[in-house]
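[1] predicted structure and sequence below. I'll ask about it afterward.
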Amino acid sequence: MQMQMGKAQQQVYQLQAKQAEMQAKSAALAARADTLNYKREGIEVLKRVVENLATVNARAAANSVDPFSGSVANLAIYNLGKGVTNFYTSKENQEMSQLQGQIIEAGGAIQSAQYIGAGNMARRQGSDCMMSSFASAGGQAQQAGMFDPGFKFTNPFA
């Protein structure tokens, strides 16, 4: 019975290990979704920069102003600088989100390994308890004289 209890406890720990892995994978998938959102955000920033530059150039040209010099060029450079800053911020967020997903998966693997180790220990403890009980019973039998050469067993139920 002790051995069966150890095996049952091991199965419980194995299920907990699977659950820890699944939770980590789920959280990592959420981090990947965040990564994709940051990537999408970066693309949108670049699109807006191109649109703003086109608008500045078109309005300047419509008013017979050189769009590539003077305050118009300064406005375009400022717009481009802001856009690049926003793009790289989005890129860094994307990289951090990817790393966070990797950390989450690694943490789930560690927790899973801990549960598996605990399950193996529970199984060993059940086996050790069974062996200890068996040895104790043998010791009691020896004290009762069961292993003496002149011992005769009598069945009390016969």
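    Sure thing, it's come through.
[2] sticking with residue 131, tell me its helix or strand.
    Using DSSP states H and E, residue 131 falls within helix 70-143.
[3] which strands and helices sit next to that helix?
    Helices and strands touching helix 70-143, by 3 or more C-beta pairs under 8 Å, 6 or more residues apart in numbering; DSSP states H and E, are helix 2-62. Where you see a C-beta, it was placed from the backbone N, CA and C, and this is true even at glycine.
[4] how about low-confidence regions in the protein?
    By pLDDT under 70, the low-scoring segments of the chain are 146, 150-153, 158.
[5] what sits closest to the residue nearest the centre of the chain if chain neighbours are left out?
    Centroid check for the chain by C-alpha atoms, centre = their mean gives residue 105 as the closest residue, at 2.4 Å. Closest residue in space to residue 105, ignoring its immediate chain neighbours: residue 28 at 4.7 Å, by C-beta to C-beta, 6 or more residues apart in numbering.
[6] just list the residues touching the residue nearest to the centre of the chain, thanks.
    By C-beta atoms under 8 Å, 6 or more residues apart in numbering, the contact list for residue 105 reads 24, 25, 28.
[7] closest one to residue 52 out of those residues, please.
    Distance to residue 52 across the contacts of residue 105 (C-beta to C-beta) is lowest for residue 28, with 36.1 Å.
[8] give me the number of residues near residue 100?
    If you count neighbours by other C-beta atoms under 10 Å, residue 100 ends up with 17.
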